[in-house]
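# Turn this into a structure:
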Amino acid sequence: MPYALPDALGRLSLDHVAFRRALNVLDRQVNAIAQFKAPDFDILNGLLRYLGEYPANYHHPVEDEIYNALKMRSAERAFEVVQIEREHGEVADKHERFAEAVSRVLADAEISRQAFCQTARDFIAAERRHIRREEGLFFSYALEHLTPEDWEKIDSKLRRSLSQPGYGDRLKQYAKMLDDIAAWEQADLQATG
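Next comes the predicted model:
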């Protein structure tokens, strides 16, 4: 019998797919810059906004709910997961450094192409590594240790948050960003294909 993921974990998994797609588009932009081609700053800024705002406002709070439930079920696993949760700050720092580099370029401030690309690649690598660790450990531990009742509580909180005023409107903005990412991805494929 196929196993259905709890709603919260399914949502996080879909978010990770979207994050990977965004990182792929960002990676192609950085590679173009490294080859002395002009970047598309609309794309760079859109990706920075999405990868900065959405995880902090919508993705990480769901992870926090799962983590809190996991602490109650397995202190040992929760201790391991806290290391992954700390990576949120590290990834956010790298995101901020990259956003600053983009701002400097837009302001015509001095920044070497190599430094700009390295800052971007540091952020991309950190985000990808973090996603792999979450899927490899955090998701596995949550599925292993949380009960159907735990998942129902988490999913119920998620459903309640979706009904809060303004929440749906903000999610629509991020859905539009995902549409933009898909369009950028398609344009990249056509340009290289």
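
# Output stretch 124-143 as CSV - backbone C-alpha positions only.
The C-alpha coordinates for stretch 124-143 follow below in CSV (Å, rounded to 0.1, in the frame of the first residue of the first chain):
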residue,chain,number,x,y,z
ILE,A,124,23.9,28.3,-3.7
ALA,A,125,26.1,25.5,-2.3
ALA,A,126,25.0,26.2,1.3
GLU,A,127,21.4,26.1,0.3
ARG,A,128,21.7,22.9,-1.7
ARG,A,129,23.7,21.2,1.1
HIS,A,130,21.1,22.3,3.7
ILE,A,131,18.2,20.9,1.6
ARG,A,132,20.0,17.5,1.2
ARG,A,133,20.6,17.3,5.0
GLU,A,134,17.0,18.2,5.8
GLU,A,135,15.7,15.5,3.4
GLY,A,136,18.3,12.9,4.5
LEU,A,137,18.0,13.3,8.2
PHE,A,138,15.2,15.6,9.4
PHE,A,139,12.4,14.3,7.1
SER,A,140,13.5,10.7,7.8
TYR,A,141,13.5,11.2,11.6
ALA,A,142,10.2,12.9,11.5
LEU,A,143,8.6,10.1,9.6
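
# tell me which residues in it are buried?
Taking 16 or more other Cβ atoms under 10 Å as the neighbour-count basis, stretch 124-143 is seen to contain the buried residues I124, A126, E127, R128, H130, I131, E134, F138, F139, Y141, A142. Where C-beta positions appear, they are placed from N, C-alpha and C, glycine not excepted.

# Could you do stretch 34-44 as well?
For stretch 34-44, burial by neighbour count (16+ other Cβ under 10 Å) applies to D40, I43, L44.

# Could you look up the SS state of the last one?
Translated: L44. Three-state assignment for L44 (DSSP: H, G, I helix; E, B strand; the rest coil): helix.
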